[in-house]
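**Student:** Sequence plus predicted model, see below.
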Amino acid sequence: MDTLYDRQNDPRAVIEADRAHVWHHLAQHKPFEPGPHALDPRIMVEGHGLRVWDITGKEYLDSVSGGVWTTNIGYGRERVANAVRDSILKLCFWAGAQGTIPGALYAERLIEKMPGLSRVYYANSGSEANEKAWKMVRQISHKHHGGRKSKILYRDRDYHGTTLAALSAGGQQERNAMYGPFAPGFVQVPHCLEYRAGELAGEGYGERAAAQIEEVILREGPDTIGALCLEPITAGGGIIVPPQGYWERVQELCRRYDILLHIDEVVCGFGRTGTWFGYQQYGLQPDIVTMAKGVASGYAAISACVTTEAVFDQFKDDTDRLGYFRDISTFGGCTAGPAAALEVLAITEEENLLANSTRMGAYLSSQLQTLMSRHPAIGEVRGLGLFQGAELVADPTTREPLPEKQVQAIVADCLAQGVIIGASNRSMPGFNNTLLFAPALIATEGDIDQIVNAVDGAIGRVVG
Ligand code: PLP
C-alpha cells in the first residue's frame, strides 16, 4: 500500500484532490475552479529549518513561520517528532478530571518561565484558550460579584480568535463583517498606534492612549468590568508596539478598578519578541495569560490559559457543588501537545533562541529602516524581536495607506522570488497595508538579507 507521502510522486492527483475537496482558510476559491485559466492550489510538502518546499519542488524561505507565526523553532526537528511518537504510543489521550505525565511536566516547566502565575489550563487553539479565560472571568463574576462584573474590554485592531465569542472581542472590522450578531458584554477600547493617532500623537501619547481606556471604564462602570484583554504587541492588526508609558498606566488602571488583566500571547509567546512572553518586555504582572501558536511550534495542536493562584483560588469552594470551573476541552487531553511543547521549550533554551530573536530582530529592523531611505512607500517600521512590520503608504506626508492591491502585489512578487512574507490583510478597511515578518527564531543574518532583498526588489517593481 502507498504511504501518505508516496502520493507526492503523483503531484497532479494531489492537486486535483485538493481542488475538488479542500475548502481553504482565508482564500478566494474562484481562481482555482476548473477552467482554462485555473490556478493550481499551492500544496506545501516539506520543511527544514526556515525553508519549505511545495509539491512542484519550488523552494521558499518562510518569513511568516508557517503562514501564521507559529513554527518558532523551524521545521523538521526530529527530537520533537520522537517525543510526540513516544507520547502517542504510551498514552495518546486522556481528558477530563485526571492528568497525564506530559501535561504535568510541561505545566511545571512553563510556570518556571512565568513568575507570578501558577496554573495551566490546557486547550487546543488560541480562540479556545481565550474563551476559557473569559469563561473564568464570567464565573468569578457570578460567584463573587452577583454576575455584574462580567464585561470584557478588548482593543480596536486586536484579534483574539475566530469563534463567535472571540470575534465578539475582535477589533478588526473586516474579519467580523457578516458574522454578527455577536455575544453581548464585550466592549471596545481605542488602539494605541501612534503613527495613526492623529492629534493625540507626540510626547506623552502612551499615557493619553491608556487614558482612553480609563474613559471607557468610567463610562461603562468599573463594577461591570471583569477583564481587560490585550495583545502585548498587536499582531495581524499591523504590528503595533504600545508606546512608552502605556503599559504602566494600563497595569495601574486594572489594579485601581479591580479588573483582571488578560494578556493574549497567542502570537507573542515563546520568544517571538525576544523574551519568553511579550508582556515580560514591559514588566507587567497579568492575572491571565493565553498562548497557542508557539507552544508546540506547530508540531502538535495545543493551547493554554495560565492564571495566578489568586484566580485559581476563586474556583476552590467545595461547599458549592458547582464551584469548580465547569469547562472541558476534549483535545486539551492529547498528550502529543505537552510532549512536543516540552521539547520546544528545551530547544528554545539550548539554542538561545530568545537572544537570537532579539539580535536578529534588531538586524531585521535596521535593514528595513535602511530600505525606508530608498522607498518612501515605507512609512514606518515597527516591532520587537523577530516580529517586525513595515507600514506602507501611498504618500509619506499624508500617510495615506498604500492600496491593498499594491500591498498584495508586493507579497506576490516576494513569493515569486521564493520568499514568503505576510501582510495585515482582510483586517481593517483601508489599513491592510502593513507587511509582516515573523521568521522562525533560528533565522540568521543571511536569511534576513534574503528577506529584505526580496522586499526591496518587490517594492521597486510594484511601487516604483
Ligand atoms: N489571538 C491572537 C493574537 C491571534 O493572532 C490568533 C490567531 O491568529 C488567535 C488568538 C486565535 O488563535 P487560533 O487561530 O489558534 O484560534
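**Tutor:** Okay, I see it.
**Student:** Name the SS class of residue 42, please.
**Tutor:** Per DSSP: H, G, I helix; E, B strand; the rest coil, the local secondary structure of residue 42 is coil.
**Student:** And for it, nearest residue in space, chain neighbours not counted?
**Tutor:** residue 54 (5.3 Å; CB to CB, 6 or more residues apart in numbering). Placement of C-beta: from N, CA and C, glycine included.
**Student:** what are the bridge partners for that neighbour, then?
**Tutor:** Taking DSSP bridges as the rule, residue 54 bridges to residue 44.
**Student:** need the contact list for it.
**Tutor:** Neighbouring residues of residue 54 by CB atoms under 8 Å, 6 or more residues apart in numbering: 42-45, 60.
**Student:** wait, isn't residue 347 in contact with residue 78?
**Tutor:** No - between residue 347 and residue 78 there is no contact under CB atoms under 8 Å: 11.0 Å.
**Student:** Angles on the backbone of the residue of the stretch 251-400 of the chain found nearest the ligand, please.
**Tutor:** Closest to the ligand within the stretch 251-400 of the chain is residue 266: 3.5 Å, counting by CB to the nearest ligand atom. The phi and psi values for residue 266, taken as degrees, to the nearest 10, are phi -50, psi -40.
**Student:** pLDDT score for the nearest residue to it once chain neighbours are set aside?
**Tutor:** Using CB to CB, 6+ apart and skipping residues adjacent in sequence, the residue nearest residue 266 is residue 126, 3.6 Å away. Note for residue 126: predicted pLDDT of 98.
**Student:** what number of residues lie near residue 42?
**Tutor:** 15 (other CB atoms under 10 Å).
**Student:** rewinding a little: between residue 347 and residue 78, which is the more surrounded one?
**Tutor:** residue 347 (19 against 8).
**Student:** What spatial separation is found between the residue nearest to residue 266 and residue 429?
**Tutor:** Separation of residue 126 from residue 429 (CB to CB, to the nearest Å) stands at 24 Å.
**Student:** quick one, which of those two is more surrounded?
**Tutor:** residue 126 (27 against 11).
**Student:** Next up, the contacts around residue 226.
**Tutor:** Neighbouring residues of residue 226 by CB under 8 Å, 6+ apart: 137-138, 140-141, 145, 149-152, 259-260.
**Student:** The same query, at a cut-off of 6 Å, please.
**Tutor:** Applying CB atoms under 6 Å, 6 or more residues apart in numbering to residue 226 gives the contacts 137, 141, 149-150.
**Student:** Same question for residue 358.
**Tutor:** Residue 358 makes contact with 274, 385, according to CB under 6 Å, 6+ apart.
**Student:** Please export the C-alpha coordinates of the helix or strand harbouring it as CSV.
**Tutor:** Residue 358 is part of helix 353-374, with elements assigned from DSSP states H and E. The C-alpha trace of helix 353-374 is given here as CSV (Å, rounded to 0.1, in the frame of the first residue of the first chain):
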residue,chain,number,x,y,z
LEU,A,353,16.6,31.4,20.7
LEU,A,354,15.4,34.3,22.8
ALA,A,355,18.8,36.0,22.4
ASN,A,356,18.8,35.2,18.7
SER,A,357,15.3,36.7,18.3
THR,A,358,16.5,39.9,20.0
ARG,A,359,19.7,40.1,17.9
MET,A,360,18.2,39.1,14.6
GLY,A,361,15.1,41.2,15.2
ALA,A,362,17.3,44.2,15.7
TYR,A,363,19.1,43.4,12.5
LEU,A,364,15.9,42.9,10.5
SER,A,365,14.5,46.2,11.9
SER,A,366,17.7,48.1,10.9
GLN,A,367,17.7,46.6,7.4
LEU,A,368,14.1,47.5,6.9
GLN,A,369,14.8,51.1,8.2
THR,A,370,17.6,51.3,5.6
LEU,A,371,15.1,50.4,2.9
MET,A,372,13.0,53.4,4.0
SER,A,373,15.6,55.8,2.7
ARG,A,374,15.2,54.2,-0.8
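**Student:** now that helix, how far from the centre of its chain.
**Tutor:** Its chain's C-alpha centre and that of helix 353-374 lie 20 Å apart, by CA atoms, centre = their mean, to the nearest Å.
**Student:** and the next element down the chain from that helix?
**Tutor:** Next along the chain after helix 353-374, taking DSSP H and E as the criterion, comes strand 378-383.
**Student:** which outside residues touch that following strand?
**Tutor:** Contacts for strand 378-383 (CB under 6 Å, 6+ apart): 195, 239, 241, 365, 368-369, 371-372, 389-391, 393, 396, 399.
**Student:** Kindly report the residues of the stretch 201-350 of the chain close to the ligand.
**Tutor:** 231, 235-236, 264, 266-267, 292 (CB under 6 Å from any ligand atom).
**Student:** Could you export those residues as CSV, including pLDDT and secondary structure?
**Tutor:** What follows is those, written out as CSV (pLDDT from 0 to 100; DSSP: H, G, I helix; E, B strand; the rest coil):
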residue, pLDDT, secondary structure
231, 98, coil
235, 97, coil
236, 96, coil
264, 98, strand
266, 98, coil
267, 98, coil
292, 98, coil
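**Student:** Any chance of CSV for the residues you listed, columns neighbour count?
**Tutor:** Converted to CSV, those look like this (neighbours: other CB atoms under 10 Å):
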residue, neighbour count
231, 25
235, 28
236, 24
264, 32
266, 27
267, 27
292, 27
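**Student:** Now the two most distant members of these.
**Tutor:** Across these, the longest distance by CB to CB is 13.7 Å; it joins 236 and 292.
**Student:** Break down the stretch 251-400 of the chain into its helices, ranges please.
**Tutor:** Ranges of helices within the stretch 251-400 of the chain are 309-313, 336-350, 353-374, based on DSSP state H, counting those that start in this stretch.
**Student:** Highest mean neighbour count out of these?
**Tutor:** Of all the helices of the stretch 251-400 of the chain, helix 336-350 carries the top mean neighbour count, a mean of 23, counting by mean count of other CB atoms under 10 Å.
**Student:** Quick check: mean pLDDT of that helix?
**Tutor:** With pLDDT averaged residue by residue, helix 336-350 scores 98.
**Student:** now it against helix 353-374, angle please.
**Tutor:** Interaxial angle, helix 336-350 versus helix 353-374 (axes from the mean of the first three to the mean of the last three CA atoms, to 10 degrees): 80 degrees.
**Student:** by contact count, what packs against helix 336-350?
**Tutor:** helix 78-91, helix 101-112 (3 or more CB pairs under 6 Å, 6 or more residues apart in numbering; DSSP states H and E).
**Student:** same for the longest one, what does it pack against?
**Tutor:** What it means is helix 78-91. Judged by 3+ CB pairs under 6 Å, 6+ apart, helix 78-91 is in contact with helix 336-350.
**Student:** Would you mind putting the CA coordinates of the helix it packs on into CSV?
**Tutor:** Output of helix 336-350 as CSV, limited to C-alpha atoms (Å, rounded to 0.1, in the frame of the first residue of the first chain):
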residue,chain,number,x,y,z
ALA,A,336,1.2,14.9,21.9
GLY,A,337,0.8,18.6,22.7
PRO,A,338,2.6,18.9,26.0
ALA,A,339,5.1,16.3,24.9
ALA,A,340,6.0,18.4,21.9
ALA,A,341,5.9,21.5,23.9
LEU,A,342,8.5,20.2,26.4
GLU,A,343,11.0,19.6,23.6
VAL,A,344,10.2,23.0,22.0
LEU,A,345,10.9,24.7,25.3
ALA,A,346,14.2,22.7,25.8
ILE,A,347,15.3,23.6,22.2
THR,A,348,14.5,27.3,22.8
GLU,A,349,16.7,27.2,25.9
GLU,A,350,19.6,25.1,24.5
